[in-house]
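Visitor: coords below, sequence missing:
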């Protein structure tokens, strides 16, 4: 990609924008989202039909073998019209977590690609924030099978999942980087309690309690943390692309409003104070797009360089997305906070993206730690 | 009357239609044609209500502190310098606003015109409400995504109130004269520009 999409990536992005414009109209969204699970299942089937859930899966596992920039193009297109399906979780996070999984993993990947099953990842625990190394859930081997005991505080997009990829300890202490393994757990496994939640951006999440739940290992034992961190970074970059699509849409809608809304006998866009605000929004969008490209290109770099780039982008895109969509609402005035206009939905999505896979405060810390470690390395 | 759904999922806005509504002559407020003049006075008074609300920002600061006592990896959020500095900055700004309000009330009690200070208070109160709400929400962490428990699932004890508050706070820089309008009023009336 470098900093410009290829023709194929451009087509992918445009197809996603077209799909979102057709299948996710504001009226349908308001009438059906959040509570109508049948409606969201139909939308999910459409996304599978497009082949988009195959994009990031390697060719030797039945997928299209797309790279992170391909995922960026698609996620950006989906973000334009706020397609609230769990694409990033199923199309980027879970396939990356199952990179080293055997047959059991393949079975789940095939079902995801076909649109017949959805999966989600249980990686963060109570009182651990977003730290995926802080794992107290235990996996015990007895009679040739693993059983899990513990809890997961938040499972992104876990509300409608048929499968959970869950981290658990097979060795080491509660915050050790070594000793973490990954397991596959079925939604209806005995001993598993799934509590479901609706979010303001209409995604559905979950909290898990695991009490002797049977599970299948899907990564090298004790060595899953690097896989988890790399997979989460892929999910973060896909979300950043979605955020870029969303904030650009909000910014453009605002520009259109400034041109057409009249007050005091003139278009409000003729007021210099509002022109400057619109310019700041455009600058934020440029910054966000650029740093998202840069972070996406870093995904195959050594760990510290990747950490530095992805955390930097997470922080800056988070700030940009909030600034742009808050101002989009503000410049629309009273109508901006209403359900019937998409700008208020863009703001809600950006607010929630700030809480997805780590807040800006957390990633500022990760950026600084990686920065120092890189500076300490011999040139 | 038709309800208007807003993003905070609270019902506080309606569309009102008047179709040949007959009202007694005695219900006319003041003189005909001077509604906007009266309205401006009312809006100015409404901004003073914002001043009253400013007093409650201290309660909010207490709520933020309590939410930030949550421990992450054994360390309370509030014990992390980056979080502590943000909360302290918020409280300092709240303190400044409260001092502004007290001064304004002192002058009002002496019968002095507050000038556009009501606008200044409204401007700062709405900004602080928004930044305070962001801090509160930030302290909740991943569970901020759990807006509504489905099938009776119990959520975080600050939810959905923190998120509804954060969403509602966006309208405070729009209603009662937007922040942009307050800037115009201050520029004209206080600075003579």
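Guide: Sure thing, it's come through. These numbers come from a predicted model, not from an experiment. Numbering: from 1, shown residues only, chains lettered A, B, ... in the order given.

Visitor: quick one: the helices in chain B?
Guide: Under the criterion DSSP state H, chain B carries helices at the ranges B:35-54, B:57-67, B:81-109, B:117-140, B:161-169, B:179-185.

Visitor: name the single longest helix found in chain A.
Guide: helix A:225-260.

Visitor: of all the helices of chain B, which one is nearest residue A:309?
Guide: helix B:81-109 (20.7 Å; CB to CB). Bear in mind the C-beta positions are built from the backbone N, C-alpha and C, glycine included.

Visitor: quick one: that closest one near chain A?
Guide: Yes. Judged by CB under 8 Å from any CB of the partner chain, helix B:81-109 and chain A are in contact via B:82-83.

Visitor: helix B:35-54 and that helix, what's the angle between them?
Guide: Angle, helix B:81-109 to helix B:35-54, by axes from the mean of the first three to the mean of the last three CA atoms, to 10 degrees: 130 degrees.

Visitor: who does helix B:81-109 touch, helix- and strand-wise?
Guide: Helices and strands touching helix B:81-109, by 3 or more CB pairs under 8 Å, 6 or more residues apart in numbering or on different chains; DSSP states H and E, are helix A:360-376, helix B:35-54, helix B:57-67, helix B:117-140.

Visitor: the lowest-mean-pLDDT helix or strand in chain B near chain A anywhere?
Guide: Lowest on mean pLDDT, DSSP states H and E among the helices and strands of chain B sits helix B:35-54, with a mean of 80. No. Helix B:35-54 lies out of reach of chain A by CB under 8 Å from any CB, never closer than 13.1 Å.

Visitor: now for that helix, which elements pack on it?
Guide: Using 3+ CB pairs under 8 Å, 6+ apart, helix B:35-54 sits against helix B:81-109, helix B:117-140.

Visitor: can you give the contact residues for that helix?
Guide: With contact meaning CB atoms under 8 Å, 6 or more residues apart in numbering or on different chains, helix B:35-54 is reached by B:29-30, B:94, B:97-98, B:101, B:104-105, B:114, B:118-119, B:121-122, B:124-126, B:128-129, B:172, B:176-177.

Visitor: what about 10 Å?
Guide: B:28-31, B:94, B:97-98, B:100-102, B:104-105, B:108, B:114, B:116-126, B:128-129, B:172, B:175-177, B:181-182, B:185 (CB atoms under 10 Å, 6 or more residues apart in numbering or on different chains).

Visitor: with stretch A:29-37 instead?
Guide: Contacts of stretch A:29-37 (CB under 10 Å, 6+ apart): A:23-25, A:28, A:38-40, A:42-43, A:81-84, A:159-160, A:198-204, A:339-340, A:342, A:345, B:5, B:9, B:147-148, B:150.

Visitor: show me which of those residues are buried.
Guide: Buried members of the contacts of stretch A:29-37, scored by 16 or more other CB atoms under 10 Å in any protein chain shown, are A:23-24, A:40, A:43, A:81-84, A:159-160, A:198-204, A:339, A:342, A:345, B:9, B:147-148, B:150.

Visitor: which of those residues fall in helices?
Guide: A:23, A:40, A:43, A:342, A:345.

Visitor: all strands of chain A, in order?
Guide: A:119-122, A:138-142, A:145-155, A:163-169, A:180-186, A:192-198, A:204-217, A:262-263, A:266-267 (DSSP state E).

Visitor: pipe the ones you listed into CSV and attach distance to chain B per row.
Guide: Formatted as CSV, these follow (distance: least, CB to the nearest CB, whole Å):
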stretch, distance to chain B
strand A:119-122, 12
strand A:138-142, 18
strand A:145-155, 4
strand A:163-169, 15
strand A:180-186, 15
strand A:192-198, 4
strand A:204-217, 5
strand A:262-263, 10
strand A:266-267, 14
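
Visitor: so where's the chain shaky on pLDDT?
Guide: All of this is about chain A. Within chain A, the segments meeting pLDDT under 70 span A:1, A:33-34.
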